[in-house]
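S.K.: Need a 3D model of the sequence below.
(one chain, ligands or ions: 1)
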Amino acid sequence: MNEQQIFTAVAAENSAVPTLLCGHCHSTLSRAKIFRTERDTAAPGIDCQTIGYCSADDCGAVNCCDEAMSAFENCDQLLGLAS
Ligand SMILES: [Zn+2]
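M.R.: The predicted structure is shown next:
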């Protein structure tokens, strides 16, 4: 029943494509693990529009990506939403 700790994702610098790093272990957050949240989605209590789940085995942190995302001009590119 622990409250899940939320880390703040970090925007990777010197990267050719927008990349977010886990705020806990600094692993690259896979695009597949980054989600836009909407009201009442799977992240109750997380006041964050974009969350990223760290895929590192010994981490698994939930990252709030809002701040890091704001550093990118094209957030949708990061999320792979552009069609
Ligand atoms: Zn991590």
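
S.K.: Those residues of the protein touching the ion, which are they?
M.R.: 22, 24-25, 27, 54, 56, 59, 61 (CB under 5 Å from the ion). Quick note: C-beta positions are derived from backbone N, CA and C, even for glycine.

S.K.: So among the residues you listed, which ones count as buried?
M.R.: Burial by neighbour count, judged by 16 or more other CB atoms under 10 Å, picks out 22, 24, 27, 54, 59, 61 from those.

S.K.: Can you add pLDDT and secondary structure and give those residues back as CSV?
M.R.: Listed next are those as CSV, based on pLDDT from 0 to 100; DSSP: H, G, I helix; E, B strand; the rest coil:
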residue, pLDDT, secondary structure
22, 97, coil
24, 96, coil
27, 95, coil
54, 96, coil
59, 95, coil
61, 94, coil
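
S.K.: ok, so of these, who is nearest residue 72?
M.R.: Set against residue 72, the nearest of those by CB to CB is residue 22 (16.7 Å).

S.K.: The nearest residue to that closest one once chain neighbours are set aside: what's it in contact with?
M.R.: Excluding the flanking residues, the one nearest residue 22 by CB to CB, 6 or more residues apart in numbering is residue 54, at 4.1 Å. Listed by CB atoms under 8 Å, 6 or more residues apart in numbering, the contact set of residue 54 reads 7, 22, 24-25, 27, 29, 33, 60-63.

S.K.: and if you look at residue 5?
M.R.: 61-62.

S.K.: mind showing which ranges of the chain have poor pLDDT?
M.R.: 1-3, 39-46, 74-83 (pLDDT under 70).

S.K.: which element is the residue nearest the centre of it on?
M.R.: Residue closest to the mean C-alpha point of the chain, counted by CA atoms, centre = their mean, is residue 52 at 2.7 Å. Residue 52 belongs to strand 50-53 when elements are defined using DSSP states H and E.

S.K.: for residue 11, phi and psi?
M.R.: Main-chain torsions, residue 11, degrees, to the nearest 10: phi -80, psi 130.
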